[in-house]
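S.K.: return atomic coordinates for the entry below.
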Amino acid sequence: APRRRLPPTDTKIVDTLNNTAQGLDAQGRSEDSLALLLEALARARVSPDVPRMTLLGLENNIGATLQDLERNAEAEPHLRASAEMAAELLGPGHPATLTIESNVAGLQADLGQPEAALATFQRVVDGQTAALGPDALDTLTARHGYWSAMRKAGRPDEAAAGFEQLLADVTAALGAEHSLAAQTEISLAQSLVDAGRPEQALPHARVAQERLAALYGAENSRAAGARKLVESIEGQP
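M.R.: Coordinates of the predicted model:
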């Protein structure tokens, strides 16, 4: 599932590293992005001039990137640190705090706590809908997280129905070419496979493969994952 990253704040070299890391992540180059974020965090920790908001953003972005790389145990302390700082500095209902809470919820789902994740995601979706509106990227991304947690909770039919509605809403709000639309296509396909409906999953998997290849290049890990899903469905008797 895609994670939301916080925009960097202004502090010269740390800011430059963070900006460059964001650009690499947008290209799907998570490993390269992580290396720059870790360097930025090391610099930020020893600089008296770096605001706590910058530290907060770095901790979140490192945690989110580690989640994308499925290194969840390493992600946890970074996300917990950023969540604590955000609640203290910004307050619990602030959009940036909710973004971090959304990443924490994704971690709960990945660490085998899907019911806890569903509760956290629901709180985030409600908060972001109130603060940003139902069509905001952060709100739609948190809804993606909610249905991903539903799938991980072993409820694939409910997840498929949720992703189908989300796909319509993402397409209406952001357009069919948006990366979240492609991610939702693959999540819908995976849920339909889990639900024993591979023939319904295949067209969504094919669309996801095509879109992710167009966005990131055919050899990117996200596009390769979609290609493997297509091949596994096509290979079923």
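
S.K.: in three-state terms, label the residue lying closest to His204 once chain neighbours are set aside for me.
M.R.: Leaving aside its sequence neighbours, His204 sits nearest to Ala189 (CB to CB, 6 or more residues apart in numbering; 4.0 Å). Every residue, glycine included, has its C-beta placed from N, CA and C. Put simply, Ala189 is helix when judged by DSSP: H, G, I helix; E, B strand; the rest coil.

S.K.: show me where the chain has its helices.
M.R.: Taking DSSP state H, the helices of the chain run over residues 12-26, 30-46, 52-68, 72-89, 95-110, 114-132, 137-152, 156-174, 179-194, 198-216, 221-234.

S.K.: out of those helices, which is closest to Leu6?
M.R.: Nearest to Leu6, of all those, is helix 52-68, at 4.2 Å by CB to CB.

S.K.: which of the residues in the closest one are classified as buried?
M.R.: Buried positions in helix 52-68, judged by neighbour count with 16 or more other CB atoms under 10 Å: 53-68.

S.K.: ditto for stretch 87-103
M.R.: Buried residues in stretch 87-103, defined by neighbour count with 16+ other CB under 10 Å: Leu90, Pro95, Ala96, Thr97, Leu98, Thr99, Ile100, Glu101, Ser102, Asn103.

S.K.: cool, stretch 173-185 as well?
M.R.: For stretch 173-185, the neighbour count (16+ other CB under 10 Å) marks Ala173, Leu174, His178, Ser179, Leu180, Ala181, Ala182, Gln183, Thr184, Glu185 as buried.

S.K.: returning to what we had before: pick out whichever of the buried residues of helix 52-68 sits closest to Leu140.
M.R.: Nearest to Leu140, judged by CB to CB, of those is Ala64 at 16.4 Å.

S.K.: the closest one against Gln22, yeah?
M.R.: No - Ala64 is not in contact with Gln22 according to CB atoms under 8 Å; the separation is 10.9 Å.

S.K.: now for the two: what residues contact both?
M.R.: Among the neighbours of Ala64, those also in contact with Gln22 (CB atoms under 8 Å, 6 or more residues apart in numbering) are Arg5.

S.K.: and Val124, how far from Ala136?
M.R.: Counting by CB to CB, to the nearest Å, the gap from Val124 to Ala136 is 12 Å.
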